[in-house]
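Peer 1: Can you look at this prediction? I've put the sequence above it.
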Amino acid sequence: MRSDEVKKGLERVPHRALLYATGINKKDFSRPFIGIASAFTDIIPGHVEMRSLERFVERGVAYGGGVPFIFGIPGICDGIAMGHSGMFYSLPSRELIADAIECVVEAHKFDGLVCLTNCDKITPGMLMAIARLNIPAIVVTAGPMIAGNFAGQRLSLVRDTFEALARYKKGEIDEATLNNLEVCACPGAGSCQGLYTANTMACLTEALGMSLPGCGTAPAVLAEKKRIATYSGERIVELVKENVRPRDIMTRSAFENAITVDMALGGSTNTVLHLLAVAHEAEVDLPLEVFDEISKKTPHIASLRPGGEYFMEDLHWAGGIPAVLKTLGDRIKDNPTVSGYTVKQIQERAQVFYSDVLRPIDKPYHPEGGLAVLFGNLAPEGAVVKQSAVSDKMLRFKGKARCFDREEDALQEILGGKIQPGTVIVIRYEGPKGGPGMREMLAPTSAVIGMGLGESVALITDGRFSGGTRGPCIGHVSPEAAEGGPIAYVKDGDEIEIDIPGKRITLLVSDEELERRKKEMKLLPPKITKGYLARYSRFVTSASKGAVYQL
């Protein structure tokens, strides 16, 4: 066992003395040491119940014959960090999480690893660490929040708080209604109720084969989640004994399965960044173009918030990810999973309930998948849009640019009623380097919808969007402004043409004019020049490559 390096031999007398000080006994030295990376915190709703799940993972590890050791991992709530300087830290925390797990696991030579996670950057950061370390590992996502309820109406975070704020500003709802929505939208523990980034990544972790069946969708408040945690603890000890490693599971086929599930469900645009980053750590070649290739041949079979009307709990009762796999049939490739069953075996055993939540493959909500990758002179390296959350009217759009060099300025103009129909809002210098940290634009995109502009205004950015974003919002424009990408040289009044079915985004100025602007215009200096964000900005790569470190 790997842990023998810290517990066996004459030279390890001091090490054993310290281990005895933790309360373990002599028999434990012959058992696998299992690290439990827990992202418990009191500040993230998706994580507040993890203390309970830690107990059940521990119980499972002990049942399986292992010795559990819990250690802490930091986490950021994107919703609380949204719309202010705190969001600079969200995406960069993903790299910090991966590095922290690597440090603890390698320093203590754990034989196996259970990652207890849930929210937006924590889950991909843990997957990156798992792929990098390549020791037996399993992921337990803590589960989605159940729907809120006010006056018989089911509620979710984005539509009933972020978008409701703009509706209040517009005079469509009164202050009493807004206050009731604020209190009732999020009724308890769990990751926010729709197919936003946290829940999308939980589903894709299961589709990758790194979580047990049912884990990605089982709500946080169910006893079922505790049982999954226990089974995961037991299973990690078996994975150690069988020497099944993450890269045995996270193959190119596994990533293609995850992308196929993503497209079928209509998941968050952030998953493009995260799957690229995890594939990079797993040393799997996964070009950006693969997402669009799979999207073109994968029907969109679910109508989940923010773009649809169903909630994560509905997807769970419909059969969860196993039911999605079953519905997708031969579009899914066989591959091993941490459960010990292959993907095809999980498919065969699955049942599909509620055929409107998960429609048959021949009666989809849309003929193509949820995401599209656009290219053009404004995004030579690509841009990403959640096409399943765009109305038919806005799939093709031409408008005049209104440029902003930071998110706050754009939000002020939108809420101030100064954005007119026919506008393409351009928010730049918000990419991985320029932000730094590639802030999510949920506040301005929700304001566009809430102000009634979702059918007449588009938004593009070198930043990114929350999984809760809907409407004609195009992110990850690459190269970003801070690297001299074309988005840096757009001027107010320039015409921009968006063609989502044609997978094109075009700045309607001549090549000669664009070159002239590049020679005459100066790029903005870095916004932050010290601390972690300055280091992050120096080493991070383009969004088209997953915004990973390049040393």
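Peer 2: Right, received. Where do you want to start? Numbers count the residues shown, from 1 in each chain.

Peer 1: Please enumerate the helices of the stretch 151-300 of the chain.
Peer 2: 157, 163-170, 175-184, 197-208, 223-242, 246-249, 252-265, 270-282, 289-296 (DSSP state H, counting those that start in this stretch).

Peer 1: just those helices: most buried one?
Peer 2: helix 197-208 (a mean of 31; mean count of other C-beta atoms under 10 Å). For every residue, glycine as well, the C-beta is placed using N, CA and C.

Peer 1: and it, what other elements does it pack with?
Peer 2: When contacts are defined as 3 or more C-beta pairs under 8 Å, 6 or more residues apart in numbering; DSSP states H and E, helix 197-208 packs onto helix 122-133, strand 137-141, helix 252-265, helix 270-282, helix 320-328.

Peer 1: Could you list the low-pLDDT ranges of the stretch 51-200 of the chain?
Peer 2: Within the stretch 51-200 of the chain, no stretch has pLDDT under 70.

Peer 1: circling back: now the helices of the stretch 151-300 of the chain in JSON lines, with distance to Leu514?
Peer 2: As requested, these are exported to JSON lines (distance: least, C-beta to C-beta, whole Å):
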{"stretch": "helix 157", "distance to Leu514": "40"}
{"stretch": "helix 163-170", "distance to Leu514": "34"}
{"stretch": "helix 175-184", "distance to Leu514": "44"}
{"stretch": "helix 197-208", "distance to Leu514": "33"}
{"stretch": "helix 223-242", "distance to Leu514": "52"}
{"stretch": "helix 246-249", "distance to Leu514": "43"}
{"stretch": "helix 252-265", "distance to Leu514": "33"}
{"stretch": "helix 270-282", "distance to Leu514": "26"}
{"stretch": "helix 289-296", "distance to Leu514": "24"}
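
Peer 1: Now for the nearest residue to Met87 once chain neighbours are set aside, how many residues are close by?
Peer 2: Among residues not flanking Met87 along the chain, Arg439 sits closest, at 4.2 Å (C-beta to C-beta, 6 or more residues apart in numbering). With neighbours defined by other C-beta atoms under 10 Å, the count for Arg439 comes to 30.

Peer 1: ok, now which ones touch Arg439?
Peer 2: 87-88, 90-91, 407, 430, 463-464 (C-beta atoms under 8 Å, 6 or more residues apart in numbering).

Peer 1: 10 Å instead?
Peer 2: 78, 81-91, 406-407, 427, 430-431, 461, 463-465 (C-beta atoms under 10 Å, 6 or more residues apart in numbering).

Peer 1: rewinding a little: the helices of the stretch 151-300 of the chain: lowest mean pLDDT?
Peer 2: Looking at the helices of the stretch 151-300 of the chain, the lowest mean pLDDT belongs to helix 163-170 (a mean of 91).

Peer 1: tell me which strands and helices that helix is in contact with?
Peer 2: helix 175-184, helix 407-415, helix 442-450 (3 or more C-beta pairs under 10 Å, 6 or more residues apart in numbering; DSSP states H and E).

Peer 1: okay, the angle between whichever helix or strand comes after the second one and helix 442-450?
Peer 2: So the one you mean is helix 407-415. Using DSSP states H and E, the helix or strand that follows helix 407-415 in sequence is strand 423-427. Between the axes of strand 423-427 and helix 442-450, defined by axes from the mean of the first three to the mean of the last three C-alpha atoms, to 10 degrees, the angle is 170 degrees.

Peer 1: Just checking the distance from strand 423-427 to the centre of its chain.
Peer 2: Relative to its chain's centre, strand 423-427 lies at 24 Å (C-alpha atoms, centre = their mean, to the nearest Å).

Peer 1: same check, this time on stretch 375-382
Peer 2: 23 Å.

Peer 1: what do you get for stretch 529-546?
Peer 2: That offset, for stretch 529-546, works out to 19 Å (C-alpha atoms, centre = their mean).

Peer 1: now do stretch 500-519
Peer 2: The mean C-alpha position of stretch 500-519 is separated from the chain mean by 30 Å, C-alpha atoms, centre = their mean.

Peer 1: and it, which residues are buried?
Peer 2: Within stretch 500-519, the residues that count as buried by 16 or more other C-beta atoms under 10 Å are 500, 503-507, 509, 514.

Peer 1: Pull up the gap between Glu281 and Pro479, please.
Peer 2: Going from Glu281 to Pro479 by C-beta to C-beta, to the nearest Å gives 23 Å.

Peer 1: Centre-most residue in the chain?
Peer 2: Thr197 (3.6 Å; C-alpha atoms, centre = their mean).

Peer 1: what about the closest residue to it other than its chain neighbours, how many residues close to it?
Peer 2: Distance criterion C-beta to C-beta, 6+ apart; nearest residue to Thr197, sequence neighbours excluded, is Gly467 at 3.7 Å. Gly467 has 30 neighbours, counted by other C-beta under 10 Å.

Peer 1: Gly467 looks like it's in a helix, true?
Peer 2: No. Counting by DSSP: H, G, I helix; E, B strand; the rest coil, Gly467 is not part of a helix but coil.

Peer 1: isn't it right up against Gln193?
Peer 2: No. Contact between Gly467 and Gln193 fails when scored by C-beta atoms under 10 Å: they sit 11.3 Å apart.

Peer 1: Pull up the overlap in contacts between those two.
Peer 2: By C-beta under 10 Å, 6+ apart, the residues touching both Gly467 and Gln193 are 158, 199, 305-306.

Peer 1: out of those residues, who has the most neighbours?
Peer 2: Most surrounded of those: other C-beta under 10 Å gives Asn199, at 34 neighbours.

Peer 1: List phi and psi for the closest residue to Val426 other than its chain neighbours.
Peer 2: Take Val426 and drop its neighbours on the chain: the residue closest to it by C-beta to C-beta, 6+ apart is Cys403, 4.6 Å away. Main-chain dihedrals, Cys403, degrees, to the nearest 10: phi -100, psi 140.

Peer 1: re the thing from before, possible to save the shared contacts of Gly467 and Gln193 as TSV with distance to Ile97?
Peer 2: Listed next are these as TSV, based on distance: C-beta to C-beta, whole Å:
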residue	distance to Ile97
Val158	24
Asn199	18
Arg305	26
Pro306	25
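
Peer 1: farthest-separated two in those residues?
Peer 2: Maximum pairwise distance among the shared contacts of Gly467 and Gln193 (C-beta to C-beta): 12.0 Å, between Val158 and Asn199.

Peer 1: Need the residues touching each of the two.
Peer 2: 192-193, 305, 467.

Peer 1: Go through those residues and say which is closest to Leu371.
Peer 2: Using C-beta to C-beta, the shared contacts of Val158 and Asn199 come closest to Leu371 at Gly467, 11.1 Å.

Peer 1: And what about the closest residue to Leu325 other than its chain neighbours, helix, strand or coil?
Peer 2: Nearest residue to Leu325 in three dimensions, chain neighbours excluded: Gln347, at 4.8 Å (C-beta to C-beta, 6+ apart). Gln347 carries the three-state label helix when classified by three-state DSSP.

Peer 1: measure Phe71 to Tyr489 for me?
Peer 2: In terms of C-beta to C-beta, Phe71 sits 47 Å off from Tyr489.

Peer 1: who's more crowded, those two?
Peer 2: Set Phe71 next to Tyr489 and count neighbours by other C-beta under 10 Å: Tyr489 wins out with 24 against 15.

Peer 1: give the contact list for that one.
Peer 2: 378, 403, 428, 481, 507, 509, 513-521, 523.

Peer 1: among these, which are in helices?
Peer 2: Among the contacts of Tyr489, the members found in helices (DSSP state H) are 513-520.

Peer 1: of the residues you listed, closest to Phe539?
Peer 2: Nearest member of the ones in helices among the contacts of Tyr489 to Phe539, counting by C-beta to C-beta, is Lys518, at 25.1 Å.

Peer 1: Please consider this matter closed, and thank you.
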